[in-house]
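Trainee: just a sequence and a predicted model for now, questions to come.
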Amino acid sequence: MTLTIQNITKSYGANLALDRFTAELEPGIYALLGPNGSGKSTLMNILTDNLKADSGSITYTSADGVTEDVLKMGVRFREKLGFMPQYPGLYPNFTVERFMWYMAALKGMTKAGAKEQIPAILQAVELDDVPGRKIGALSGGMKQRLALAQAVLGDPEILILDEPTAGLDPKQRISIRNYISRIAFDKIVLIATHVVPDVEFIARDIIMLKKGVIADNAPPHVLTEKIAGSVWIVPCAESEVQTLQNQFRVTNISRDETTGEVLLRVLCGSRPTENAKNAAPTLEDYYLWVFGENAAHAD
């Protein structure tokens with residue numbers, strides 16, 4: 001099973017949102033990272049047929065080796081998709097359970113299939129204790145988990161998830177991350193997110209998108225190796241923090257509880273100060289290395 005995206009281009013007037021985006025996706029988790037305006041949402045809307053590309057092609061190769069143009073497949077391809085948009089349109093007067101049954105009907109599921117899947121999915125996203133609660137009375141985090149629940153309903157072969165952990169507390173984020181990882185073995189899962197640690201250890205490949213162009217595409221460990229020797233911990237006094245922030249790219253500030261010194265995490269191609277010590281790079285470090293100040297802006 002393969003989803004092949006070839007030279008997808010999309011413009012909004014003079015703004016080029018995607019410039020010949022090309023990728024080949026097989027079962028596993030792919031993370032789509034990039035700052036505001038990078039083209040992530042545009043790509044996801046094209047993949048889910050909510051938006052038409054200006055040019056390029058998307059083909060789907062089934063497990064038995066048959067390759068078809070996604071646009072020509074139409075409904076048959078959409079039946080293979082599960083989509084969680086960044087701003088899902090939920091029905092406030094529906095209860096959680098009624099909404100899931102409604103989505104099951106839209107997906108053409110049998111009653112027996114829905115009856116089996118709905119309780120299991122609600123339990124997995126920790127909504128099994130509120131099946132009768134109206135969606136309008138749910139917290140933001142609960143709505144986010146319900147949006148994920150409807151996406152995985154029907155056991156789709158391809159999952160497109162836009163910011164699946166937005167608004168969740170740390171415990172819920174870990175739970176949802178583990179759930180996505182668990183169900184991804186036989187699915188193509190594409191996750192757009194700004195919570196970089198959520199995908200660092202579950203994604204097979206990280207696709208970094210910058211102004212509509214792929215800036216990098218590789219497994220997480222390959223990306224972090226690229227900045228080995230360029231991440232530093234710099235001890236300093238509080239009075240030095242501002243000066244060092246003006247001189248270097250500081251990505252984190254903490255304190256040594258033993259010495260009381262401030263510890264700056266610095267990205268720099270050479271040793272920034274004499275007392276700086278090398279630190280193991282993370283995917284977040286590489287993200288900030290690639291996108292710089294723009295990395296702070298969310299889609």
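Mentor: Received the coordinates, thanks.
Trainee: do I have it right that Asn93 meets Arg133?
Mentor: No - contact criterion CB atoms under 8 Å: Asn93 and Arg133 do not qualify, at 11.6 Å. C-beta: built from backbone N, CA, C; applies to glycine.
Trainee: more crowded one of those two?
Mentor: More neighbours surround Arg133 than the other of Asn93 and Arg133, with 14 against 9 (other CB atoms under 10 Å).
Trainee: can you verify Ala104 is assigned to a helix?
Mentor: Yes - counting by DSSP: H, G, I helix; E, B strand; the rest coil, Ala104 is part of a helix.
Trainee: and it, how many residues sit next to it?
Mentor: Around Ala104 there are 20 residues (other CB under 10 Å).
Trainee: Thr95 versus that one, what's the distance?
Mentor: Separation of Ala104 from Thr95 (CB to CB, to the nearest Å) stands at 14 Å.
Trainee: quick one: the strands in the stretch 51-200 of the chain, in order.
Mentor: 55-61, 67-69, 81-84, 158-162, 188-192 (DSSP state E, counting those that start in this stretch).
Trainee: then the third one to CSV, C-alphas only?
Mentor: It refers to strand 81-84. What follows is strand 81-84 as a C-alpha-only set of coordinates in CSV (Å, rounded to 0.1, in the frame of the first residue of the first chain):
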residue,chain,number,x,y,z
LEU,A,81,-9.5,8.1,4.4
GLY,A,82,-9.9,9.2,8.0
PHE,A,83,-9.5,12.9,8.4
MET,A,84,-9.1,15.0,11.6
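Trainee: and for it, what's in contact with it?
Mentor: Contact with strand 81-84 is made by 44, 48, 147-148, 150-154, 156-162, 164, as judged by CB atoms under 8 Å, 6 or more residues apart in numbering.
Trainee: return the distance of it from the chain's centre.
Mentor: 13 Å (CA atoms, centre = their mean, to the nearest Å).
Trainee: and Asn93, its phi and psi?
Mentor: phi -90, psi -10 (degrees, to the nearest 10).
Trainee: ok, now how distant is it from Phe99?
Mentor: Distance from Asn93 to Phe99, by CB to CB: 10 Å.
Trainee: so what's Ala151 up against?
Mentor: Counting by CB under 8 Å, 6+ apart, Ala151 touches Gly82, Phe83, Met84, Leu159, Ile160, Leu161.
Trainee: what about the first one, distance to Ala184?
Mentor: As for Gly82, its distance to Ala184 is 12 Å (criterion: CB to CB).
Trainee: what residues are shared contacts of these two?
Mentor: Common contacts of Gly82 and Ala184 (CB under 8 Å, 6+ apart): Leu159.
Trainee: where does this protein dip in pLDDT?
Mentor: Residue ranges of the chain with pLDDT under 70: 293-299.
Trainee: which residue ranges form the helices in it?
Mentor: Using DSSP state H, the helices found in the chain span residues 40-47, 70-73, 75-78, 96-106, 111-124, 140-152, 170-183, 197-200, 220-225, 241-247, 283-291.
Trainee: chain center to the first one, what's the gap?
Mentor: Okay, so that is helix 40-47. Centroid separation between helix 40-47 and its chain, computed with CA atoms, centre = their mean, is 12 Å.
Trainee: neighbouring contacts of it?
Mentor: In contact with helix 40-47 (CB under 8 Å, 6+ apart) are residues 3, 5, 8, 10, 17-18, 21, 32-34, 51-53, 58, 83, 85-86, 160, 162, 190, 192, 209, 212, 299.
Trainee: now with 7 Å?
Mentor: With contact meaning CB atoms under 7 Å, 6 or more residues apart in numbering, helix 40-47 is reached by 8, 10, 17-18, 21, 32, 34, 51, 53, 58, 86, 160, 162, 192, 209, 299.
Trainee: likewise the second one?
Mentor: Outside of helix 70-73, the residues within contact range by CB under 7 Å, 6+ apart are Ile58, Thr59, Tyr60, Phe77.
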